[in-house]
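Participant: Quick one: sequence and predicted model below, then my questions.
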Amino acid sequence: MTPAELGAAVRAAILEAVEAGDLAVSPPGAVTVERPKVKSHGDYATNIALQLAKAAGRPPREIAALLATRLGAVPGIDAVEVAGPGFLNVHLSQASLGQVVRQVLDRGAAYGTNAAAAGQSINLEFVSANPTGPIHIGGVRWAAVGDALARLLEASGATVTREYYFNDHGAQIDRFARSLLTAARGQEAPEDGYSGAYIVDIAKTVLAKVPDALEQADPQEVFRREGVEQMFGEIRASLHDFGVDFDVYFHENSLHESGAVVRAVERLRANGHIYERDGAVWLRTTTFGDDKDRVVLKSDGEPAYISGDLAYYLDKRERGFDRVVIMLGADHHGYVGRMMAMCAAFGDTPGVNLEILIGQMVNLLRDGEPLRMSKRAGTVLTLEDLVEAVGVDAARYALARSSADSTLDIDLALWSKQTSANPVYYVQYAATRAASILRTARELGITDEVLATADLGLLTHPLEAELLKALAELPAVVATAAELREPHRIARYLEEKVAKSAQRWFDEKQECRALPQDGEAATATQLARLQLWTATRTVLENGLRLLGVSAPERM
RNA sequence: GCCCCUGUAGCUCAGUGGACAGAGCGACUGCCUUCUAAGCAGUUGGUCGCAGGUUCGAGUCCUGCCGGGGGCGCCA
């Protein structure tokens, strides 16, 4: 019996009680059960009686007792106790616990997926770093977290488009182009320009591709066009090497060239939210809770930055996405108010049609001390540097295992350590251990056909029960992580629940050995244990895959 | 001044209103003839920043204060 099935059984018990006239409440839509921290509180517990007490107008313990009687008769449930203020503590039968293995094996790579977000069409925008330089650590975090979130949402049944907004319009790009031009001429970088060695490299590449670039009528335009394309190619390549590929790379420039910006402004004007003042065109975002109104078209006739966002949002909605999700760094949190107001001004619902996820900053540490990022001092850390220093798996895992609400310290010395100080290896090690045991079983001639006959009710050791319950949690963990947009929950679950209980089980070498010794045939219990190892390997693989991290066969 | 994030063990951090607050690292002690010791067990270590409030129940929700980070442009 899985947690979901138990929850359904509890709900059924409530319905029965209501029907029988024992309980006067409107039944809850779904009942969730949780794993109690204390062993004596059973395999699963629910506080549903406490929740129903008010509506029912009866003491919670009384309701709990009522439900306990009904639940006690459900097959697979060994015992139900009423505890404390009105908790229901449920003990499952061993045979019932073991069935989780069957479910994991049947579903395989699909185990853990759920339908919580079925039918949703989500556009997830992340990274979107400007093509004026390589992706540095600010963007790296969103690459890891954003891609993991995309995988989670897909695992919860949503259709997800990963999108990268390519900011190839405006003053920043002009500065970039000017910097390339001056570099090509062998001059010093302009005052407000970009300097780094990559500027010189790109300038050279452009010159190699367009030898007469400096002689053309508008050389800066040549460097803009070619340089941006070059930079963008590099960004795309390093993201690809990081395991992150986008479905759509959207060019801001296209919004301006196609007239989409003008159309978006006209749409807002038609909705009555546009006015003119001091020669500029304003969006009255204060109508929808923003601090102040925002200029969308500057008095010099140029579009303000936000106008691109207006058109972009509209474009996404017109492409059929009912949910537009954007991940931004904390340095952009000031945009949330105006973006939400913009969403409302279009007649949409902020928080539903538009969702903005703010992630906190990252610091680079050296010897435990924060390091100021400085191009001149050579302390800029790019995505490529990070991958080179610690590897894709360790980098993605470390970036995704912390809550995005917390600032993150990147400690290269720590992240590149191949020890237990580095949790990614802890999880991967458990996965390879499972693989190793299963490999040996095959070598001993234990075939899948033989394994399929295993009696999972033989998994009666307490450490086996712990592991079974850990494996049973994956679907709920995935659903919650997706719903809360918190991929780090997957990592913590893998570390603290799955890998931990698998390792403890493995270490019980006297009582829980899975492989036969001395050329003997495998016992029925050992076959069941091998199936549990197979299920464990599957859960670790599925969980790591959600984070974009590999589950190696060997370490 | 206003807005967002944050404050939990010596350090790094989990903990979507539940029961006795957890993990890793560090320190100390054990465990390799036998499925991978990148592992396991144990000991040590907490006024969950402070003060109120809501609740049967608060690390979690609300208010105020204190500390840390970020943001408040006709920049992008």
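Facilitator: Received, thanks. Numbers count the residues shown, from 1 in each chain, chains lettered A, B, ... in the order given.
Participant: Am I right that A:G21 falls within a strand?
Facilitator: No. The assignment for A:G21 (DSSP: H, G, I helix; E, B strand; the rest coil) gives coil, which keeps it out of a strand.
Participant: roughly how far apart are it and A:P28?
Facilitator: Here A:G21 is placed at a distance of 18 Å from A:P28 (C-beta to C-beta, to the nearest Å). Where you see a C-beta, it was placed from the backbone N, CA and C, and this is true even at glycine.
Participant: which of these two has more neighbours?
Facilitator: Comparing A:G21 with A:P28 by other C-beta atoms under 10 Å, the one with more neighbours is A:P28, at 16 against 7.
Participant: Quick check: next helix or strand after the lowest-mean-pLDDT helix or strand in chain A?
Facilitator: Every helix and strand of chain A was ranked by mean pLDDT, DSSP states H and E. The lowest is strand A:369-371, at a mean of 71. Per DSSP states H and E, the first helix or strand lying C-terminal to strand A:369-371 is helix A:383-390.
Participant: Helices along the stretch 101-250 of chain A, start to end?
Facilitator: A:137-155, A:171-184, A:197-209, A:219-241 (DSSP state H, counting those that start in this stretch).
Participant: Put the alpha carbons of the first one into CSV.
Facilitator: Taking C-alpha atoms only, helix A:137-155 is exported to CSV below (Å, rounded to 0.1, in the frame of the first residue of the first chain):
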residue,chain,number,x,y,z
ILE,A,137,27.8,32.4,-11.9
GLY,A,138,24.7,34.5,-11.6
GLY,A,139,23.2,32.8,-14.6
VAL,A,140,24.6,29.4,-13.8
ARG,A,141,22.3,28.9,-10.8
TRP,A,142,19.2,29.4,-13.0
ALA,A,143,20.5,27.1,-15.6
ALA,A,144,20.7,24.3,-13.1
VAL,A,145,17.5,25.1,-11.1
GLY,A,146,15.5,26.1,-14.1
ASP,A,147,16.2,23.0,-16.1
ALA,A,148,15.5,20.9,-13.0
LEU,A,149,12.2,22.7,-12.5
ALA,A,150,11.3,22.1,-16.2
ARG,A,151,11.9,18.4,-15.7
LEU,A,152,9.8,18.4,-12.5
LEU,A,153,6.9,20.1,-14.2
GLU,A,154,7.0,17.7,-17.0
ALA,A,155,7.1,14.8,-14.5
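Participant: does that helix come close to RNA strand B?
Facilitator: No. Helix A:137-155 lies apart from RNA strand B when judged by C-beta under 7 Å from any atom of the strand; the minimum separation is 10.6 Å.
Participant: circling back to that earlier point, same list, the helices of the stretch 101-250 of chain A, but as JSON lines with mean neighbour count please.
Facilitator: Listed next are those as JSON lines, based on neighbours: other C-beta atoms under 10 Å:
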{"stretch": "helix A:137-155", "mean neighbour count": "25"}
{"stretch": "helix A:171-184", "mean neighbour count": "20"}
{"stretch": "helix A:197-209", "mean neighbour count": "17"}
{"stretch": "helix A:219-241", "mean neighbour count": "19"}
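Participant: Same list, those helices, but as CSV with mean pLDDT please.
Facilitator: Shown next, in CSV, are the helices of the stretch 101-250 of chain A (pLDDT from 0 to 100):
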stretch, mean pLDDT
helix A:137-155, 95
helix A:171-184, 92
helix A:197-209, 94
helix A:219-241, 95
